[in-house]
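Attaching a predicted model along with its sequence, questions to come.
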Amino acid sequence: MTEPKTMFEHVGGMPFFTQLVERFYEGVELDSLLRRWYPEDLEPGKHALVLFLAQYWGGPGTYSEVQGHPRLRMRHNSFTIGQAERDAWFRHMSVAVESSGIDDPARQQMLDYFAMAADHLINAAPAG
Ligand code: HEM
């Protein structure tokens with residue numbers, strides 16, 4: 001019997017995540033709501049996100065070896081993320097997923113994960 005493929009293998013490994021994150025960042029760069037929080041040099045952040053996602057989807061564990069435990073909520077504490085920021089982030093990631101050419105069910109699984117993870121990073125109380 002062969003082991004079921006991980007998502008990492010299914011999408012073709014590292015090049016998929018590198019391209020996904022490049023596309024995502026194209027959206028972020030033009031988005032004033034989000035861009036203000038990102039440093040001038042976007043490359044280290046891109047690299048961290050590629051490694052994080054590759055690890056999450058069953059690829060090499062390089063992210064944790066370099067950065068330690070992900071602790072994503074803590075790493076996002078310095079940004080006040082409300083619904084608008086969450087939606088902007090998710091919109092850019094959805095565009096990246098849709099343009100990556102992956103088919104369902106992998107496509108839907110990835111979109112569901114990003115929606116859930118982005119919800120989880122909301123750390124601002126709703127207005128009113
Ligand atoms: C909800 C809206 C979100 C906003 C506004 C946001 C914003 C940011 C910003 C400004 C950075 C710093 C980048 C840098 O220093 O170059 C960052 C880092 C990061 N974000 Fe997010 N993010 C969001 C959601 C997410 C989600 C859903 C994930 C995972 C699925 C994620 C994963 C990461 C990772 C892995 C890093 C790098 C942390 C490190 O340095 O190890 N983010 N994010």
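Done, it's in.

which residues sit against stretch 50-57?
Here stretch 50-57 makes contact (Cβ atoms under 8 Å, 6 or more residues apart in numbering) with 6-8, 11, 13-14, 17-18, 20-21, 60-64, 66-67, 70, 113. C-beta: built from backbone N, CA, C; applies to glycine.

hmm, 6 Å instead?
By Cβ atoms under 6 Å, 6 or more residues apart in numbering, the residues outside stretch 50-57 that reach it are Met7, Phe8, Phe17, Thr18, Val21, Gly61, Thr62, Tyr63.

Check whether it comes into contact with the ligand.
Yes - under the criterion of Cβ under 6 Å from any ligand atom, the ligand is reached by stretch 50-57 at Phe52.

Flag every buried residue along that stretch.
Val50, Leu51, Phe52, Leu53, Ala54, Gln55, Trp57 (16 or more other Cβ atoms under 10 Å).

quick one: which of those is nearest to the ligand?
Ranked by distance to the ligand (Cβ to the nearest ligand atom), the buried residues of stretch 50-57 are led by Phe52 at 3.6 Å.

The closest one is in what secondary structure piece?
Using DSSP states H and E, Phe52 sits within helix 43-56.

can you tell me the residue of the protein closest to the ligand?
Closest point on the chain to the ligand, by Cβ to the nearest ligand atom, is Gly45, at 2.3 Å.

which ones are touching that residue?
Contacts of Gly45 (Cβ under 6 Å, 6+ apart): none.

who's in contact with the strand or helix carrying Glu9?
For Glu9, the host element (DSSP H and E) is helix 7-10. Contacts with helix 7-10, where a contact means Cβ under 6 Å, 6+ apart, come from Trp57, Gly58, Gly59, Ala106.

Apply 10 Å and report the result again.
3-4, 14, 16-17, 53-60, 102-103, 106, 109-110, 113 (Cβ atoms under 10 Å, 6 or more residues apart in numbering).

which of these count as buried?
Looks like the contacts of helix 7-10 have Phe16, Phe17, Leu53, Ala54, Gln55, Trp57, Gly59, Ile102, Met110, Tyr113 buried, using 16+ other Cβ under 10 Å.
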